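Student: Using only what follows, build the 3D model:
(4 chains)
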4 protein chains.
Amino acid sequence: MSEQHDRIKQAIAEISPPLLAMDEDAVTRLAEEVVAARRIVLFGMGRELLQLKAFGMRLVHHGLDAHIAGEVTALPVTQGDLVIISIGPGDLDMHRAMAGLARKAGARLVVLTAQPLAAIPKMADAVVVIPAQTMADDSGSDALLPMGTVYEIALLIYLDLVAVKLRELTGQTLDQIRARHSNLE
Amino acid sequence: MSEQHDRIKQAIAEISPPLLAMDEDAVTRLAEEVVAARRIVLFGMGRELLQLKAFGMRLVHHGLDAHIAGEVTALPVTQGDLVIISIGPGDLDMHRAMAGLARKAGARLVVLTAQPLAAIPKMADAVVVIPAQTMADDSGSDALLPMGTVYEIALLIYLDLVAVKLRELTGQTLDQIRARHSNLE
Amino acid sequence: MSEQHDRIKQAIAEISPPLLAMDEDAVTRLAEEVVAARRIVLFGMGRELLQLKAFGMRLVHHGLDAHIAGEVTALPVTQGDLVIISIGPGDLDMHRAMAGLARKAGARLVVLTAQPLAAIPKMADAVVVIPAQTMADDSGSDALLPMGTVYEIALLIYLDLVAVKLRELTGQTLDQIRARHSNLE
Amino acid sequence: MSEQHDRIKQAIAEISPPLLAMDEDAVTRLAEEVVAARRIVLFGMGRELLQLKAFGMRLVHHGLDAHIAGEVTALPVTQGDLVIISIGPGDLDMHRAMAGLARKAGARLVVLTAQPLAAIPKMADAVVVIPAQTMADDSGSDALLPMGTVYEIALLIYLDLVAVKLRELTGQTLDQIRARHSNLE
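Tutor: Next comes the predicted model:
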């Protein structure tokens, strides 16, 4: 067994448990939130934002009115709209400001986090817990994947399963999804 | 007169002539292209891209289906759609590839440039010339504003005048435009 | 005189006064702040962010350690570093959160604004006032350029004059600046 | 067993094989390329770009001079620099243009792909193969994860293992890595 082979196995062994420990309806619940919303706006920072963007791309592939907060083409939110914030460590100032703005705007707020008892999840209408290591609890960890890496990878995989569920809920074919992929590449 | 005062005057004196030398219907023409399009996708690089993004924000403020090429929420283009490329210096490889993609997709292509005889404007259905200094012809220049700065500032002002015309063509009030401004700030 | 010609003149007539009304040392002062800093991080939102990014590009062209807050390659700040925030209207939640983070980190904070008496300028070590219309005071305005457009264009021109001053303060030639321009376009 | 539980297992079962089928030195090889380079610039589009950005953030956390092509703070490349392109499907016009620019600039070019026989890998100095489904070969697939999803997730995991190796090669502690994380969140 090579070191690389071992480490791939180890990485998978670190990513799987938090996914398997999520609430059994976590995938369906977020997919239903998304389908029920008039417009969806995603917010996060750093590597979590990148995974939200990967999800945002799938949302527009499904014909949904989805936006990344702060991008120039993002539209405002109000009642009937959904803001999704990912804040693995549970509380950071920029995310707290955004959560407040979402509430003030009357939008529904779903928070994805590893720290459900922290301040920002408490502001949410619904919380999705991904019980993985983040920078809130990584000190002294002997995991192979450092800092919030496991949360971030688990977030991507979770959101991709939400996208699969979305296709089912909206009754679309893969060809319909594919046809909304950018052709300017 | 302070140095700062002189330089502001000098900057204005460098920005105004290329704007005033543009075709007399340049503002109306682009506004009409935009209104006639089903979807608008903007492409550029560097500081020109930033000014296209400023325009893209105004397009969505007017309720138009506008996108920045390469952003995760950008949708594909086809016949009936409009791709706008700004390429001040007239020819760079990435812009040429994008112009080719726009044509292949069957979209209408408008190119903004200071070098209308260069390769990429020749690929366009319509060309808007902003006759300002860019990195294609800045060597030896004794202008105060270096490199492509004058082109970039003129581009922003020109596109903001297109936005004013758009409001007229679409018969919207400022309140309607303002209501589409992001409220997550 | 065509309508377009008139409007270009009108736009210039709206952009010039706020620039000419700025403090006489505003350009030199920001250039000196930038040169004195170990690292510079820029923050803003919407169209103001785009103009800060245009400035950020010029900062790296001058060999400075400059970053856009929130971009993946942005490094942390501490004492000796400079955070520059543009907040035309003077107070928005995300900007206030960022101003607080900059202070908490021990960085020096410079705020660019049209509303120097608002909350965020009060948090700053230094304030640069661009006395132009923004979304804080645009209702009922009969200016040609709507919302915060004049502030944004004036911001770009001001920052480009700061860049000119930077070249002088750092004693670099245009060729040295140009050599740091991206060649992957 | 819930549907969600099954699908998480299925997703993991689709992601693992391409990772385990990679060349046994793929992680070490890219880490060594990165350490040997003076500057690293990353290019991709869509969801692949997002994973490259996640890697780019880790590169700067390790104190490396890393950039994302097209971002305003990106510096030029020349001999001694490294350009890394991810192009799962092996050939798209924008990526081909960028590969050509990297070569023209004299930089070393590493291509990550699922299609090593395609045009762009052939332009590279070194190729890393992630043998996963992409949009080049997804039609008719009965995989749970659609389009290029498996490639993208595998790319993230692979690059995070490269980051682990980088920490070893550069002899840094986790505290040193963590200290370079942005504190403006």
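Student: So is the helix or strand bottoming out on mean pLDDT in chain A next to chain D?
Tutor: Ranking every helix and strand in chain A by mean pLDDT, DSSP states H and E puts helix A:174-178 at the bottom, with a mean of 95. Yes - using C-beta under 8 Å from any C-beta of the partner chain, helix A:174-178 comes into contact with chain D via A:174, A:177-178. (Each C-beta comes from the backbone N, C-alpha and C, glycine too.)
Student: Relative to A:Gly140, which of those residues is nearest.
Tutor: Checking these against A:Gly140 with C-beta to C-beta, the nearest one is A:Ile177 at 43.1 Å.
Student: nearest residue to the closest one other than its sequence neighbours?
Tutor: Computed as C-beta to C-beta, 6 or more residues apart in numbering or on different chains, the closest residue to A:Ile177 that is not its neighbour in sequence is A:His61, at 4.9 Å.
Student: Buried members of the residues of helix A:174-178 next to chain D into PyMOL, please.
Tutor: Applied in PyMOL, the following selects the buried portion of the residues of helix A:174-178 next to chain D according to 16 or more other C-beta atoms under 10 Å in any protein chain shown:
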select buried, chain A and resi 177
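Student: ok, the residues of helix A:174-178 next to chain D vs chain B, which is closest?
Tutor: Using C-beta to the nearest C-beta, A:Arg178 is the member of those that lies nearest chain B, at 10.0 Å.
Student: Next up, the contacts around the closest one.
Tutor: If a contact means C-beta atoms under 8 Å, 6 or more residues apart in numbering or on different chains, then A:Arg178 has A:61, D:135, D:147 as its contacts.
Student: Could you export those as TSV, including secondary structure and pLDDT?
Tutor: TSV is the format used below for these (DSSP: H, G, I helix; E, B strand; the rest coil; pLDDT from 0 to 100):
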residue	secondary structure	pLDDT
A:His61	helix	98
D:Met135	coil	94
D:Met147	coil	97
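Student: and these as JSON lines, adding neighbour count and distance to B:Arg108?
Tutor: Listed next are the contacts of A:Arg178 as JSON lines, based on neighbours: other C-beta atoms under 10 Å in any protein chain shown; distance: C-beta to C-beta, whole Å:
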{"residue": "A:His61", "neighbour count": "24", "distance to B:Arg108": "24"}
{"residue": "D:Met135", "neighbour count": "19", "distance to B:Arg108": "26"}
{"residue": "D:Met147", "neighbour count": "25", "distance to B:Arg108": "28"}
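Student: between the residues you listed, which is nearest chain B?
Tutor: A:His61 (8.9 Å).
Student: residues contacting that closest one?
Tutor: A:177-178, A:180-181.
Student: and what of A:Thr149?
Tutor: So A:Thr149 contacts A:47, A:133, D:160 (C-beta under 8 Å, 6+ apart).
Student: before we move on, what about A:Gly63?
Tutor: A:Gly63 neighbours (C-beta under 8 Å, 6+ apart): A:170, A:172, A:176, A:180.
Student: do the same with A:Arg39
Tutor: A:65-67, A:75, A:77, A:80-82.
Student: now do 7 Å
Tutor: A:65, A:75, A:77, A:81 (C-beta atoms under 7 Å, 6 or more residues apart in numbering or on different chains).
Student: Looking at the residues you listed, which is nearest B:Val35?
Tutor: Closest to B:Val35, out of all of the contacts of A:Arg39 and judged by C-beta to C-beta, is A:Leu75, at 19.2 Å.
Student: What separation is there between that closest one and C:Thr149?
Tutor: Per C-beta to C-beta, to the nearest Å, A:Leu75 is found 19 Å from C:Thr149.
Student: try A:Ile120
Tutor: For A:Ile120 relative to C:Thr149 (C-beta to C-beta), the value is 34 Å.
Student: do the same with A:Thr78
Tutor: 25 Å.
Student: And for A:Ala37?
Tutor: From A:Ala37 to C:Thr149 the distance is 32 Å (C-beta to C-beta).
Student: For the residue in chain A positioned nearest to chain C, which non-adjacent residue is closest in space?
Tutor: Distances between chain A and chain C by C-beta to the nearest C-beta are smallest at A:Ala97, namely 4.0 Å. Distances taken as C-beta to C-beta, 6+ apart put C:Ala97 closest to A:Ala97, at 4.0 Å, once the chain neighbours are dropped.
Student: what sits up against whatever helix or strand that neighbour lives in?
Tutor: Assigned by DSSP states H and E, C:Ala97 falls within helix C:93-104. Applying C-beta under 7 Å, 6+ apart, the contact partners of helix C:93-104 are A:93-94, A:97-98, A:100-101, B:185, C:43, C:45, C:69, C:77, C:83, C:85, C:87, C:109, C:119-120, C:123, D:183-184.
Student: Just give me how far that helix sits from the chain centre.
Tutor: Here the centre of helix C:93-104 is set off from its chain's centre by 16 Å, with C-alpha atoms, centre = their mean, to the nearest Å.
Student: Report the residue spans of chain A with pLDDT below the cut-off.
Tutor: A:1 (pLDDT under 70).
Student: Show me which residues of it are close to chain B?
Tutor: Contact residues (C-beta under 7 Å from any C-beta of the partner chain) of chain A with chain B: A:41, A:53, A:56-57, A:60, A:66-69, A:71-77, A:98, A:101-102, A:105, A:180-184.
Student: Please narrow these to those residing in strands.
Tutor: A:41, A:66-68 (DSSP state E).
Student: Just give me the closest of the residues you listed to chain D.
Tutor: For these, the nearest to chain D is A:Ile68 (11.0 Å; C-beta to the nearest C-beta).
Student: contacting residues for the closest one?
Tutor: Contacts of A:Ile68 by C-beta under 7 Å, 6+ apart are A:42, A:53, A:56, A:74, B:72-73.
Student: would you turn these into TSV with distance to D:Ile12?
Tutor: Shown next, in TSV, are the contacts of A:Ile68 (distance: C-beta to C-beta, whole Å):
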residue	distance to D:Ile12
A:Leu42	25
A:Lys53	23
A:Gly56	24
A:Ala74	33
B:Val72	25
B:Thr73	29
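Student: Take those and lay them out in TSV including distance to chain C.
Tutor: Converted to TSV, the contacts of A:Ile68 look like this (distance: C-beta to the nearest C-beta, whole Å):
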residue	distance to chain C
A:Leu42	14
A:Lys53	11
A:Gly56	16
A:Ala74	9
B:Val72	14
B:Thr73	16
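Student: List the buried residues for the helix ranked longest in chain A?
Tutor: Longest among the helix segments of chain A by residue count, using DSSP state H, is helix A:149-170. For helix A:149-170, the neighbour count (16+ other C-beta under 10 Å) marks A:149-167, A:169 as buried.
Student: just stretch A:8-25 next, same as before
Tutor: Buried residues in stretch A:8-25 (16+ other C-beta under 10 Å): A:8, A:11-12, A:14-16, A:18-19, A:22.
Student: What are the contacting residues of that stretch?
Tutor: A:129-132, A:143-145, A:150, A:153-154, A:157-158, D:2, D:4-5, D:8, D:12, D:16, D:19-20, D:157, D:161.
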